[in-house]
Structure formats: structure tokens, C-alpha cells
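J.: requesting a structural model of the entry that follows:
(2 chains)
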Protein chains: 2
Amino acid sequence: MNDTSASASNEVLTAIMNHRSIRKFKDEKLAPFQIETIVRAAQMASSSRFMQAYSIIGLTDPAMKRELREITKTPYIEENGHLFIFCADLKRFTVMGNEQEQRDMRTMLESSTVYQTAVIDASLAAQNAVLAAESLGLGAVIMGSVNKDIRRLDQMLALPEYVVPLFGIAVGVPDQQPEIKPRLPLEAVYFENNYASESELREQIELYDHVMQRYYQTRSENNRDAGWSRSHIDLLKLKMPLGSMTEYLHGKGLNVI
Amino acid sequence: MNDTSASASNEVLTAIMNHRSIRKFKDEKLAPFQIETIVRAAQMASSSRFMQAYSIIGLTDPAMKRELREITKTPYIEENGHLFIFCADLKRFTVMGNEQEQRDMRTMLESSTVYQTAVIDASLAAQNAVLAAESLGLGAVIMGSVNKDIRRLDQMLALPEYVVPLFGIAVGVPDQQPEIKPRLPLEAVYFENNYASESELREQIELYDHVMQRYYQTRSENNRDAGWSRSHIDLLKLKMPLGSMTEYLHGKGLNVI
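T.: You can find the predicted model right below:
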């Protein structure tokens, strides 16, 4: 992996490597052709067994956006050019076939395995959506926080059984230009044939903590003095509301365990 | 969404819209710089709370590739330029902090909610990897089938607790040029504010069945006479081995329910 004799550059790679999440947008709505371009790009991602097991909901209703902002305490959930909610969606398979076939499909449809492939499908599509938005000169941020009160979001969007919100993507004209965040060392993420040893992991993470500490100290906004490990220990120690996810999924008709 | 007065085009969108999965590759290995470019592109995707909760394992060992091909009966798992296995990975968070902090983090780390964000992280990264490969003139296919015997794959890769294989990506020089597959009508995937009614869904799926039937009948390889619904009813009726996924995840230290 130290072969630097050749390197690659093209407009796709440039776009990918220049990604930063944008959390402050100008007050300009996306044009319909921009929304359509983003959705069509999302749809071109691969999907498991071509199930296309996701839906995308554009949240444009001002009262709904306001409420979601209040639930999440996140201004850019309301203030953006467009807000997409990406959902795992197995509903389409419940409106095809006869009654016997419907019964025969239930076990698979409700399984953890198929639900996981729906989550993967939605996420592959989402990354295309982000890149498509960025290619149009827009900025984007993916937000798990839209699920802070998943039952309320579910009601707001009138989601039927078998449809589960995963995350939002806010898109708009950027009103900030954050630095690109350094990623984990490649050696901490990519291995050949066998997973790394604990000592190798520790060593790489320690190196990375120094990189991130410097990044957090010197970036133009939201400075702080912490490495990557410390931030995540503090985050994961918090007892966020958990345990209701499976209950919620069961309520959606999914028999995931 | 019928505004066709403006349209968008750029090299990123062209790349995204030209995606097709490639399942037959020339006998040429990827160069190290190509592998590195693909992994670094994957790493630039967004990740939930910047957890970067995934790993990528390059499977290069010929005996391991042969065995995985035999398990999956999939020739291109062995015959490709490079094989990546994408894993959800929360292991890194178990080698940071002191013992008390480790205890405090467990509930979150082992939860379904955090596991799901790891699956999302890995999938966002994977789509970047596919696009990066395609931008280098290579082809790619994402394969859930590498998990056909997930315990055996786990052993082969020596995956520790908290690391779960999700899918493989085979990359290489294309030795086929399949047609682009038509996607679901935009109206069956994208909604504003509220999910569609069942009758709207049925109508859109019926339209799409005709499109896909024509596609399957006329494509250059692997012709068949079926729409999208029929293919998926037949697929989902099969009782694939299920039910062991949760047991496997529990064995990986994850308390997902």
C-alpha cells in the first residue's frame, strides 16, 4: 500500500475526496430539477437482489419541519434547501402476489436479515444522493438525529407497516466552508485477509488521536481540546434512550430479533 | 417533479447514472494504488457521530477466495481484480479508555441502535468505493452472498468480537458490458410529507412490472419472462436459512435484539 509511483485523479474522485458535511445553509429552496436529480442519482445505487428496499420522503411542510427541529434541537433540520428522510422500506412487497404468496413471503420479509439489507440499500442510495447534491454545488449533511423521537416522526410521515425511518439528509446552498476532517489511518480501516491485532489497533488509534486533537484545536469553528478516542468515550458513556428500537420495529410488523 | 425546463449534467452525475453491476472480470489484479484510492474514497463518506464504525478487508489469499467461491457458488467471488469485505466494526471502541469507561460504554456499544449506525456507516463508505472504482475504469458488484455461511467467513477473516461482515465488493477490469437496469418509477420511491397510499403503490409497481418485463425479455444476456413483482415473490417465498443472524450477533458480543 506504499506504492506512490502512480496516483489517480478524476472529477469523481475529486468530488468524493472534497466531501465535508454542511450544517449551515443559505435561505434558498432547491429547484424541482435539483430534487429530481438527487433522487434519480440515489436510485442508481446497487441494491440487494434488486429489491430497492427504501423510500425517500421530502419534508417540505413548514409545521412538520418546525416540529422536527424542536424535537432534535437542530436548526438545520428546519433551515435548509430541502430535507430528505431516508427509510428502509419493505412495504412494496406486501402489495404484490395473492394471499397465499403473501403468507409465504412473511417469514423472509420480517426477518432481521432482510431488514438489514433494506438498511444497506437505503444507505448506498443516500451516499449517491449526497454526491449528486455536491456535484450540483450544494452541500449536505446526513443526520441520524431525525430519529430522536422515531414514533413521532413515523406518525408525521404516515409511515405504514414495514417502513422505518433511518436518517435525514439536509441539502442546500452552503453558508459555511468547514475544513475536511482527517479520517482514521488507512492501516486502521483496511486489512488483508485477517483482522488486525489489538496492539496494532491501539497504535493506529493513538496516532490518530494526535491528528484529531490538532484538527479540533486549530479548525476555524467549534474548537476543542480532545482526540478521537476521548470524544467517543464521552459520547458512548452517555445513556442515550435505547431499548425501544426493537419494540418499535415489532410495531412496524417486522419480526426482527 | 415534472419540471424539465432545467436539467443537470456533470461528470459525477454521469458516473452515478451509468452504474451497472459487473459480474465478469478480466484476469488482471488491481494495482496497489487502485486499492488505496478505493479505500481512501470509502473513508471520505459521512459517518454517524464520526464513529467510522466499519472495516474493509481485502481478501487476496487464493485458498480463502476459492473456499468462499465454493460456499457461494459464485465464480466472480474468486475471479476478480480484488475482493473487499465490508464489515460493521465497533471493535475500536473496546480498546480505548480505562476499565470503568469500558463498562460505561457497553450498553450503547452493544445496542441495536448503534449496530444499525455501523451498518449505515459501512454502506455509505461502500457506495463511495464503488464509484471510485468505476471512475478508475473498473467495474464492481456488491454481494450479500459472501455471508451465505457467515460463521465460516468470520473464522476465515479472524474477526474479533464487535466486527460483523455485511457484504463483499468484487472489483476488476470489466469483461462484460451489461445494460443499465431501469429503476422503480420515481413516484414509487419519492414522496412529499406523507407516504403513498396502497393503491398508488400498486399502480406504480404495475407500471414498473411492464418496464422490467420488457427489460428482462430483451437484454443481451440472461433473458427471462418475468416482471419485478414476480421475481421478488418467487425470491421471498424461498425459505432461505434465517434465524441464526441474531444468534451470530450475540456471539460477537453484540446485545442487539
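
J.: which stretches of the stretch 1-150 of chain A have low pLDDT?
T.: A:1-7 (pLDDT under 70).

J.: can you map out the strands along it?
T.: Assigned by DSSP state E, counting those that start in this stretch, the stretch 1-150 of chain A shows strands spanning A:54-58, A:82-89, A:139-143.

J.: ok, the stretch 151-257 of chain A next?
T.: A:163-172, A:190-192.

J.: out of those, deepest packed?
T.: strand A:163-172 (a mean of 25; mean count of other CB atoms under 10 Å in any protein chain shown). Quick note: C-beta positions are derived from backbone N, CA and C, even for glycine.

J.: may I have that strand as CSV, with CA atoms only?
T.: Extracted as CSV, the C-alpha positions of strand A:163-172 are listed here (Å, rounded to 0.1, in the frame of the first residue of the first chain):
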residue,chain,number,x,y,z
VAL,A,163,-41.4,1.3,6.6
VAL,A,164,-38.8,2.6,9.0
PRO,A,165,-37.0,6.0,9.0
LEU,A,166,-33.2,5.7,9.2
PHE,A,167,-31.8,9.2,8.8
GLY,A,168,-32.3,12.6,7.2
ILE,A,169,-30.3,14.4,4.6
ALA,A,170,-30.5,18.2,4.7
VAL,A,171,-29.4,19.8,1.4
GLY,A,172,-28.9,23.4,0.4
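
J.: and it, what does it pack against?
T.: The helices and strands touching strand A:163-172, judged by 3 or more CB pairs under 8 Å, 6 or more residues apart in numbering or on different chains; DSSP states H and E, are helix A:75-78, strand A:82-89, helix A:112-135, strand A:139-143, helix A:150-156, helix B:112-135.

J.: and the ones you listed: which comes nearest residue A:220?
T.: Proximity to residue A:220 (CB to CB) singles out strand A:139-143 among these, at 15.7 Å.

J.: helices or strands up against that closest one?
T.: helix A:112-135, strand A:163-172.

J.: please state the offset of it from the chain centre?
T.: Centroid displacement of strand A:139-143 relative to its chain, using CA atoms, centre = their mean, to the nearest Å, is 8 Å.

J.: now the angle from it to helix A:112-135?
T.: Orientation of strand A:139-143 against helix A:112-135 (axes from the mean of the first three to the mean of the last three CA atoms, to 10 degrees) gives an angle of 160 degrees.

J.: go through strand A:139-143 and flag the buried ones.
T.: Within strand A:139-143, the residues scored as buried using 16 or more other CB atoms under 10 Å in any protein chain shown are A:139-143.

J.: likewise for stretch A:73-88?
T.: Those would be A:74, A:76-88, for stretch A:73-88 by 16+ other CB under 10 Å.

J.: burial count for the closest residue to residue A:148 other than its chain neighbours?
T.: The spatially closest residue to residue A:148, leaving aside those adjacent along the chain, is residue A:72, at 5.1 Å (CB to CB, 6 or more residues apart in numbering or on different chains). Residues near residue A:72, counting by other CB atoms under 10 Å in any protein chain shown, number 20.

J.: ok, residue A:72 to residue A:152 distance?
T.: In this structure, residue A:72 and residue A:152 are 11 Å apart, going by CB to CB, to the nearest Å.

J.: give the contact list for residue A:74.
T.: A:143, A:145 (CB atoms under 8 Å, 6 or more residues apart in numbering or on different chains).

J.: list phi and psi for it.
T.: phi -120, psi 100 (degrees, to the nearest 10).

J.: that older thread, kindly indicate which of the buried residues of stretch A:73-88 lies nearest residue A:40.
T.: Nearest to residue A:40 among those, with distances taken as CB to CB, is residue A:84, at 13.0 Å.

J.: show me the beta-bridge partners of that closest one.
T.: Beta-bridge partners recorded for residue A:84 (DSSP bridges): residue A:58, residue A:169.

J.: before we move on, what about the one 4 residues further on?
T.: Partner residues in beta bridges with residue A:88: residue A:54, residue A:164, with DSSP bridges as the criterion.

J.: that one is in contact with residue A:54, isn't it?
T.: Yes: between residue A:88 and residue A:54 there is a contact under CB atoms under 8 Å: 6.0 Å.

J.: find residues that contact each of the two.
T.: Joint contacts of residue A:88 and residue A:54 (CB under 8 Å, 6+ apart) are A:118, A:121-122.

J.: quick one on the thing from earlier: just flag the most distant two among the buried residues of stretch A:73-88.
T.: A:79 and A:88 (26.9 Å).

J.: related to what we said a few turns ago, for residue A:15, which of the helices and strands packed on strand A:163-172 is the nearest?
T.: Per CB to CB, nearest to residue A:15 of those: helix A:112-135, 5.8 Å.

J.: now the closest one against strand A:163-172, angle please.
T.: Using the same axes, to 10 degrees, helix A:112-135 lies at 10 degrees relative to strand A:163-172.

J.: report the angle between helix A:112-135 and strand A:82-89.
T.: Angle, helix A:112-135 to strand A:82-89, by the same axes, to 10 degrees: 160 degrees.

J.: ok so, going back, mind putting the helices and strands packed on strand A:163-172 into TSV with distance to residue A:220?
T.: Formatted as TSV, those follow (distance: least, CB to CB, whole Å):
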stretch	distance to residue A:220
helix A:75-78	18
strand A:82-89	26
helix A:112-135	20
strand A:139-143	16
helix A:150-156	33
helix B:112-135	25
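
J.: those: which one's closest to residue B:249?
T.: Nearest of these (CB to CB): helix B:112-135, 7.3 Å.

J.: what about that closest one and chain A, touching?
T.: Yes: using CB under 8 Å from any CB of the partner chain as the criterion, contacts between helix B:112-135 and chain A involve B:112-114, B:116-117, B:119-120, B:123-128, B:130-132, B:134-135.

J.: got a quick ChimeraX command for the buried subset of these?
T.: Selection of buried members from the residues of helix B:112-135 next to chain A for ChimeraX, criterion 16+ other CB under 10 Å:
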select /B:112,113,114,116,117,119,120,123,124,125,126,127,128,130,131,132,134,135
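
J.: for residue B:188, which of the helices and strands packed on strand A:163-172 is the nearest?
T.: Nearest of the helices and strands packed on strand A:163-172 (CB to CB): strand A:82-89, 9.9 Å.

J.: for that closest one, name the packing helices and strands.
T.: Partner elements for strand A:82-89 (3+ CB pairs under 8 Å, 6+ apart): helix A:32-43, strand A:54-58, helix A:112-135, strand A:163-172.

J.: CSV for those, including distance to residue A:231?
T.: Output for those, formatted as CSV (distance: least, CB to CB, whole Å):
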stretch, distance to residue A:231
helix A:32-43, 30
strand A:54-58, 30
helix A:112-135, 23
strand A:163-172, 20
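
J.: to residue A:94, which of these lies closest?
T.: Comparing those by CB to CB, strand A:163-172 comes nearest, at 10.2 Å.

J.: from the chain's centroid, how far away is that closest one?
T.: So, by CA atoms, centre = their mean, the centroid of strand A:163-172 is 7 Å from its chain's centroid.

J.: could you do stretch A:44-51 as well?
T.: That offset, for stretch A:44-51, works out to 17 Å (CA atoms, centre = their mean).

J.: now it: buried residues?
T.: A:44-48, A:50-51.

J.: with stretch A:95-104 instead?
T.: Buried residues in stretch A:95-104 (16+ other CB under 10 Å): A:95-97, A:102, A:104.

J.: what does stretch A:195-213 give?
T.: A:195-196, A:201-205, A:208-209, A:211-213.

J.: do a quick rundown of the helices in the stretch 151-257 of chain A.
T.: A:186-189, A:198-218, A:228-237, A:244-251 (DSSP state H, counting those that start in this stretch).

J.: contacts for the shortest one, please.
T.: Okay, so that is helix A:186-189. For helix A:186-189, contacts defined as CB under 8 Å, 6+ apart pick out A:1, A:183, A:196, A:200-201, A:204-205, A:208, B:36, B:39-40, B:43, B:52, B:54-56, B:92.
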